[in-house]
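1. Mind looking at a prediction? Sequence and model below.
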2 protein chains.
Amino acid sequence: MANKTAPDSSRRSERSRRAILDASLALVGEVGYDKLTIEGIASRAGVGKQTIYRWWPSKAAVLLDAFTAGVDEDYAQGLPDTGDLTADLKSVLHATVDEFNDPAFQAPYRALAVAGANDEELSRTFVSRLIEPGIRVYADRLRAAQESGEVAADADLRVAAEMLLSPFSQRWLMRTGELTYDFVDTLVDLVMRALRPGSESV
Amino acid sequence: MANKTAPDSSRRSERSRRAILDASLALVGEVGYDKLTIEGIASRAGVGKQTIYRWWPSKAAVLLDAFTAGVDEDYAQGLPDTGDLTADLKSVLHATVDEFNDPAFQAPYRALAVAGANDEELSRTFVSRLIEPGIRVYADRLRAAQESGEVAADADLRVAAEMLLSPFSQRWLMRTGELTYDFVDTLVDLVMRALRPGSESV
């Protein structure tokens, strides 16, 4: 009974932490990275500035935690492996199309990506915490397919993962094209032609 | 004799125009797009603000002209066509690696790319004047190879061009990897496996 009524301090901490992360995502989507401040995040989250500084050294650190909180679990799980690489890639990329066409997701992510492109220091953290783990889960799924003989033994899996992901990222970030199921299906089919066993023999 | 000593007004205009374009590239690399001003460009170029406003409506318009002045001629020429697609793609991409590893080129281009990612309006112009024509020259070269039978008849050439160019752009813009000859060679070899006639048959 006591546990239910007396606020437990670690649970309260966790609630503040979650409020701060949510506030940082909402705010950066509204005002952009440059105008995002620790004060603004604190006020939106209903906590004191010092609460934020106790846990994070900078606004970039808050934002990165906010994003990685959303993706760390996905990354830890890895991509689905039904034994059919083409189908697995298409199903994951369809879900990613939906996500990147959702304004609530894409506005803060764009703010962070733009800030990262501009700022070499932030970019290193952005890449090591978000982009690299993303490329790695794809490369890992390709490696499993290579081990099961679905992918040619000599294919460079890191570059293959970039061939799958970079056209998607570029269309989104630079707005060079629509993100549709049709586009990712064409992309996966073409990449699979490059990876299929036998494709290495000229 | 008179022609040599009396400054010819159209030649003087062309000199001012060139000075303005050069000043805009130099300045945006130093201060970034947000802090670039028409006043700053005018002062660096040694012309009055009104001279700039007579020819361009905004700083974005100046910068885009400065960039496209450098690439329009390349785009008009198209990619080399020696009849060996793999060799042609590698040689052009090696030159592009050199260009993007040159700080004098990459600082202003990055400023413009970041501004474009952030600003939907500028992004449309940036894409239509610079990125799209770049993708198109690659797609055209692939089409010539398709017509000569070097590329499978059913391959989607637009997506294939993005598979060649986007991993390069992403490594550069987000600093996710080194731009080396080795990287582009691996990329071209993999894309060619997807495009080779016969790759469509499973």
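-> Cool, the structure landed.
2. Quick check: buried residues in the lengthiest helix in chain A?
-> Ranked by residue count, the top helix of chain A under DSSP state H comes out as helix A:9-31. Buried residues in helix A:9-31, defined by neighbour count with 16 or more other Cβ atoms under 10 Å in any protein chain shown: A:16-17, A:19-21, A:23-29. (C-beta placed from N, C-alpha, C; glycine too.)
3. May I see those arranged in CSV, with pLDDT as well?
-> Converted to CSV, the buried residues of helix A:9-31 look like this (pLDDT from 0 to 100):
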residue, pLDDT
A:16, 93
A:17, 93
A:19, 95
A:20, 96
A:21, 94
A:23, 95
A:24, 93
A:25, 88
A:26, 89
A:27, 92
A:28, 86
A:29, 82
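4. Which parts of chain A belong to which domain?
-> A:1-59, A:78-202 (automatic domain parsing).
5. closest one to chain B among the ones you listed?
-> domain A:78-202 (3.8 Å; Cβ to the nearest Cβ).
6. Low-confidence stretches in chain A?
-> A:1-7, A:200-202 (pLDDT under 70).
7. about what we covered before: just name the most buried of the domains of chain A.
-> domain A:78-202 (a mean of 18; mean count of other Cβ atoms under 10 Å in any protein chain shown).
8. Switch the domains of chain A over to CSV; also include distance to residue B:163.
-> Output for those, formatted as CSV (distance: least, Cβ to Cβ, whole Å):
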stretch, distance to residue B:163
domain A:1-59, 30
domain A:78-202, 5
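9. ok, residues contacting stretch A:12-29?
-> A:36, A:40-42, A:44-47, A:51-52, A:55, A:59, A:62-63, A:65-67, A:69, A:104, A:107-108, A:111-112 (Cβ atoms under 8 Å, 6 or more residues apart in numbering or on different chains).
10. pull the CA atoms of that stretch into PDB?
-> C-alpha atoms of stretch A:12-29 as PDB (Å, rounded to 0.1, in the frame of the first residue of the first chain):
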ATOM      1  CA  ARG A  12       9.900  10.000  -9.900                       C
ATOM      2  CA  SER A  13      13.400  10.300 -11.500                       C
ATOM      3  CA  GLU A  14      12.400   8.000 -14.300                       C
ATOM      4  CA  ARG A  15       9.200  10.100 -14.900                       C
ATOM      5  CA  SER A  16      11.300  13.300 -15.000                       C
ATOM      6  CA  ARG A  17      13.800  11.700 -17.300                       C
ATOM      7  CA  ARG A  18      11.100  10.600 -19.700                       C
ATOM      8  CA  ALA A  19       9.400  14.100 -19.500                       C
ATOM      9  CA  ILE A  20      12.700  15.700 -20.400                       C
ATOM     10  CA  LEU A  21      13.400  13.400 -23.300                       C
ATOM     11  CA  ASP A  22       9.900  13.900 -24.700                       C
ATOM     12  CA  ALA A  23      10.100  17.700 -24.200                       C
ATOM     13  CA  SER A  24      13.400  17.800 -26.100                       C
ATOM     14  CA  LEU A  25      11.900  15.900 -29.100                       C
ATOM     15  CA  ALA A  26       8.800  18.100 -29.200                       C
ATOM     16  CA  LEU A  27      10.700  21.300 -28.900                       C
ATOM     17  CA  VAL A  28      13.400  20.600 -31.400                       C
ATOM     18  CA  GLY A  29      10.700  19.800 -34.000                       C
END
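11. can you give me the helices for chain A?
-> Taking DSSP H, the helices of chain A run over residues A:2-5, A:9-31, A:38-45, A:49-55, A:59-77, A:85-100, A:103-118, A:120-126, A:132-147, A:157-174, A:181-195.
12. Surely residue A:32 and residue B:119 touch.
-> No: using Cβ atoms under 8 Å, residue A:32 is not in contact with residue B:119, being 10.3 Å away.
13. re the thing from before, so which of the helices of chain A gets nearest residue B:123?
-> helix A:157-174 (6.6 Å; Cβ to Cβ).
14. Distance from the chain centre to that closest one, please.
-> Remark: helix A:157-174 is offset 13 Å from the chain centroid, using Cα atoms, centre = their mean, to the nearest Å.
15. Remind me what it packs against, helices and strands.
-> Packing partners of helix A:157-174 (3 or more Cβ pairs under 8 Å, 6 or more residues apart in numbering or on different chains; DSSP states H and E): helix A:85-100, helix A:103-118, helix A:132-147, helix A:181-195, helix B:103-118, helix B:157-174, helix B:181-195.
16. now those helices in a markdown table, with distance to residue B:12?
-> Below are the helices and strands packed on helix A:157-174 laid out as a markdown table (distance: least, Cβ to Cβ, whole Å):
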| stretch | distance to residue B:12 |
| --- | --- |
| helix A:85-100 | 50 |
| helix A:103-118 | 37 |
| helix A:132-147 | 53 |
| helix A:181-195 | 49 |
| helix B:103-118 | 25 |
| helix B:157-174 | 38 |
| helix B:181-195 | 43 |
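17. Select, out of those, the one closest to residue B:134.
-> Between the helices and strands packed on helix A:157-174, helix B:157-174 lies closest to residue B:134; by Cβ to Cβ that is 6.9 Å.
18. picking up where we left off before, now the helices of chain A in JSON lines, with distance to residue B:187?
-> Shown next, in JSON lines, are the helices of chain A (distance: least, Cβ to Cβ, whole Å):
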{"stretch": "helix A:2-5", "distance to residue B:187": "58"}
{"stretch": "helix A:9-31", "distance to residue B:187": "33"}
{"stretch": "helix A:38-45", "distance to residue B:187": "40"}
{"stretch": "helix A:49-55", "distance to residue B:187": "41"}
{"stretch": "helix A:59-77", "distance to residue B:187": "25"}
{"stretch": "helix A:85-100", "distance to residue B:187": "19"}
{"stretch": "helix A:103-118", "distance to residue B:187": "21"}
{"stretch": "helix A:120-126", "distance to residue B:187": "22"}
{"stretch": "helix A:132-147", "distance to residue B:187": "14"}
{"stretch": "helix A:157-174", "distance to residue B:187": "6"}
{"stretch": "helix A:181-195", "distance to residue B:187": "10"}
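19. With respect to residue B:172, which of the ones you listed lies nearest?
-> That would be helix A:103-118 among these, by Cβ to Cβ, at 9.5 Å.
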